[in-house]
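[1] have a look; sequence and predicted model below, questions after that.
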Amino acid sequence: MYQTAWVLFGLSLVEESGYPVEPRVLEDAVAYIQRQFSNDEALDLRTRTFALFSIAYAGYGDIEATLQAAERANELDGFSLAALALALDRLGEKMQAEQILKILENRMVQDSSGIHWP
C-alpha cells in the first residue's frame with residue numbers, strides 16, 4: 001500500500017502541474033488504499049498516516065481517519081508528522097495542523113551541523 005500511496009501522491013502532483021490524469025486511476029488508487037485500511041487493522045501507523053496524506057492531497061481525504069491519526073501524533077516520526085500536518089491542512093483542519101506542527105517543531109534538534117529531526 002505504501003507504494004500505491006506514493007504513486008497516488010505523484011499522480012496528484014502531475015495533475016496539479018496541468019497534465020491530464022484519468023480520474024478513474026486516482027479513484028481506484030484511493031479505493032485500494034481505503035480497502036487496505038479496513039482489511040489490515042494492524043497496519044503500521046506511519047504507513048497509514050502517509051496514505052492519509054496521499055488521499056487528502058488527491059482530493060479524497062478521510063477527515064475522521066486523519067483526526068484519529070492526529071490523536072496518536074506522539075507515536076509518529078518527523079516525516080509522518082509533517083505528512084499529517086499537510087493532510088490536516090488540506091482537509092481544512094488548520095488548528096489541528098498547527099498543533100501537529102508544534103509537536104514537529106518541539107522535536108527539532110539544532111546543533112553545530114544544523115537543524116534536523118531524530
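    On my side now, so go ahead.
[2] please count neighbours and contacts with C-alpha atoms only from this point.
    Will do.
[3] contacts only, for the residue nearest the centre of the chain.
    Nearest to the mean C-alpha position of the chain, by Cα atoms, centre = their mean, lies Phe53 at 2.1 Å. Residues near Phe53 by Cα atoms under 8 Å, 6 or more residues apart in numbering: 61, 83-84, 86-87.
[4] Ser17 now?
    Counting by Cα under 8 Å, 6+ apart, Ser17 has no contacts.
[5] next up, phi/psi of Glu22, please.
    Main-chain torsions, Glu22, degrees, to the nearest 10: phi -60, psi 120.
[6] can you list the buried residues in the longest helix along the chain?
    Looking across the chain with DSSP state H, the single longest helix is helix 23-39. For helix 23-39, burial by neighbour count (16 or more other Cα atoms under 10 Å) applies to 26-27, 29-30, 33-34, 37.
[7] what does that helix contact?
    For helix 23-39, using Cα under 8 Å, 6+ apart, the contacting residues are 1, 4-5, 8, 11-12, 43, 48, 51, 55, 58, 60.
[8] any idea how far it is from the chain center?
    Relative to its chain's centre, helix 23-39 lies at 14 Å (Cα atoms, centre = their mean, to the nearest Å).
[9] ok, for Arg107, nearest residue in space, not its chain neighbours?
    Trp117 (6.4 Å; Cα to Cα, 6 or more residues apart in numbering).
[10] quick one: contacts for the closest residue to Ile115 other than its chain neighbours?
    The shortest distance from Ile115 to any non-neighbouring residue, by Cα to Cα, 6+ apart, is to Val109 (5.6 Å). By Cα under 8 Å, 6+ apart, Val109 lies in contact with 115-118.
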